[in-house]
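Novice: Provided below are the primary sequence and the corresponding predicted coordinates.
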Amino acid sequence: MKTCIVVSGGDAPGINTAIETFTRLARQNGDQALGARNGMAGLLDDQLVELDRSLVSLLAGRGGSILPSSRRPALQDPNAREKLGDVMRRRGIDNLLLFGGDGTIRHVAPLLAEWGVSCIVLPTTIDNDVPGADYTLGHDSACNYAIPAVAAIRATAHALPGRIFLLETLGAPTGHLALAIAYASGADLALLPEYPLELDWLSERLKQIVAREGSALVVASEAYPDVDRLVEEIPRRTGIRLRYTALGHAQRGADVSHWDRRVARDMSRVAWRAFQDGNVSGTVLWRAGAAMLRQGSPPAEHKPPPDRRLYEYINRL
C-alpha cells in the first residue's frame with residue numbers, strides 16, 4: 001500500500017507528529033508513505049517527496065508542518081481530475097491522507113470521493129470547529145501558547161494598575177478557541193462572535209471591574225465584530241487606558257502539547273488501520289475521548305456554538 005500525505009489548508013500543531021506516526025506504521029508494515037509539497041496543488045503538479053523517517057521523527061514535536069500547504073483551489077481547475085488520476089497512477093498511489101479543517105472536510109474530501117479517490121481526513125485546526133468532533137488536533141497546543149502571554153499580562157497589570165488589557169486570539173470564524181483560553185486563564189470577560197455584547201454595557205462592566213480589581217483582562221476572538229473599533233472606543237467611553245495584544249499566527253506554530261501528541265498518534269493509527277481494512281473514504285474524529293472513523297461524507301450541519309453557560313459564567317451574565 002502506498003499513501004500520499006497532503007496538508008490541505010492551514011497548519012496546526014500536531015501535524016508533524018501525525019505524519020511521523022503514519023510514516024512509521026507504513027514502514028514497519030511494508031507500506032510506503034509519500035508527502036505532497038504545497039498541498040493539493042503540489043499533488044497535482046507531482047511535487048512529491050519520500051518522507052525521511054529520521055527527519056520527521058526529529059520534527060515530530062514541532063509546530064507547523066514539514067509538508068508545506070497551499071491555499072490555491074487546485075481542484076477547481078478544469079483538468080484537475082485528470083491530472084490527479086495521472087499522478088496517482090504513475091506514482092502507484094493507492095490512497096490519500098489529508099490534514100485540514102472544516103473546509104477540507106466539507107469541500108475537498110467529498111469531491112475526491114466523487115472522483116473515486118480513496119481518502120481519509122484528519123481534522124487539524126486550532127479552531128476546534130469541525131462538526132461531529134469533540135476535539136480537533138492543535139487546539140490544546142494553541143491554548144497552551146496563550147497561557148504564558150496571559151501570565152505576562154497579569155504581571156504588568158499588577159505592576160501598573162488601572163488599565164484594561166485586551167488579548168486577541170485566533171479562531172475565526174468561531175469563538176471556541178477564545179472561550180477555552182478565557183476560561184482557563186480566568187479572564188474577566190470573553191468576547192465571542194456568536195454572542196456580541198452592546199458596547200455601552202461592555203464599557204460600564206469594564207469600569208466596574210477595574211475599580212474593583214485594579215485591572216481587567218478581556219479575551220476576544222479575532223472574529224468578534226469590530227475588534228479594532230473596540231480598541232479605540234473603550235478607552236474613550238471608560239476613560240481608562242487599554243493595552244492590546246494579538247497572539248496572531250504564532251498560535252498555529254506553537255510547540256505540540258502532550259495531549260496533541262497523543263491525539264495525533266491515535267488518529268494516525270486509526271487512519272492507517274482504516275486503509276488496511278479497505279475503507280475508501282471518511283474522517284477520523286475525536287469523540288468521547290477516543291479517535292474513531294466516520295465513514296462517508298461529513299454531517300451537513302455546522303458545529304454547535306461555544307458553550308453558552310460557560311460564556312455566561314465568565315461574563316457574569
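Specialist: That came through fine.
Novice: which parts of this protein are helices?
Specialist: Applying DSSP state H to the chain gives helices spanning 15-28, 39-44, 53-58, 80-91, 102-103, 109-114, 139-159, 176-185, 199-213, 227-238, 258-276, 308-315.
Novice: so Thr155 versus Tyr183, what's the distance?
Specialist: For the record, residue 155 is Ala, not Thr. Here Ala155 is placed at a distance of 20 Å from Tyr183 (CB to CB, to the nearest Å). C-beta here means a position set from N, CA and C on the backbone, and glycine is covered the same way.
Novice: out of the two, name the residue with the larger neighbour count.
Specialist: Each of Ala155 and Tyr183 has its neighbours counted (other CB atoms under 10 Å); Tyr183 has more, 17 against 10.
Novice: tell me the pLDDT at that one?
Specialist: You'll see Tyr183 listed with a pLDDT of 98.
Novice: excluding its backbone neighbours, what's nearest the most centrally placed residue in the chain?
Specialist: Closest to where the C-alpha atoms of the chain average out (CA atoms, centre = their mean) is Thr125, at 1.6 Å. Once flanking residues are discounted, Thr125 sits nearest to Gly101: 3.4 Å by CB to CB, 6 or more residues apart in numbering.
Novice: got the buried residues for stretch 63-75?
Specialist: 63-67, 69-70, 74-75 (16 or more other CB atoms under 10 Å).
Novice: show me the one of the helices of the chain that comes nearest Ser221.
Specialist: Between Ser221 and the helices of the chain, the shortest gap by CB to CB is with helix 176-185, which sits at 3.7 Å.
Novice: now do that closest one: everything it contacts.
Specialist: Residues from elsewhere that reach helix 176-185, judged by CB atoms under 8 Å, 6 or more residues apart in numbering: 126-129, 139, 142-143, 146-147, 150, 167, 169-171, 187, 189-192, 217, 219-221, 224, 303, 306-307, 310-311, 313-314.
Novice: how about stretch 238-248?
Specialist: Contacts for stretch 238-248 (CB under 8 Å, 6+ apart): 145-146, 149, 153, 162-170, 203, 206-207, 210, 222, 231, 234-235.
Novice: how distant is it from the center of its chain?
Specialist: 25 Å (CA atoms, centre = their mean, to the nearest Å).
Novice: pLDDT of that stretch, averaged?
Specialist: 97.
Novice: got it, and stretch 104-120?
Specialist: 91.
Novice: what of stretch 53-69?
Specialist: 87.
Novice: so Val219 makes contact with Leu192?
Specialist: No. Using CB atoms under 8 Å, Val219 makes no contact with Leu192, being 9.3 Å away.
Novice: these two: who's more crowded?
Specialist: Val219 (31 against 26).
Novice: how much space between that one and Val87?
Specialist: For Val219 relative to Val87 (CB to CB), the value is 44 Å.
Novice: same question, Asn38
Specialist: 13 Å.
Novice: wait, doesn't the residue nearest to Thr125 sit right on Pro131?
Specialist: No. If you go by CB under 8 Å, Gly101 and Pro131 don't touch, sitting 11.1 Å apart.
Novice: number of nearby residues for Leu317?
Specialist: Leu317, neighbours per other CB under 10 Å, totals 12.
Novice: thinking again about what came up before, what subset of the contacts of helix 176-185 is buried?
Specialist: Buried among the contacts of helix 176-185 by 16+ other CB under 10 Å: 126-129, 139, 142-143, 146, 150, 167, 169-171, 187, 189-192, 217, 219-221, 224, 303, 306, 311, 314.
Novice: quick one: contacts for Ala271?
Specialist: By CB under 8 Å, 6+ apart, the neighbours of Ala271 are 22, 97, 120, 122, 284, 293.
Novice: do that again at 6 Å, thanks
Specialist: For Ala271, the contact set (CB atoms under 6 Å, 6 or more residues apart in numbering) comprises 97, 120, 284.
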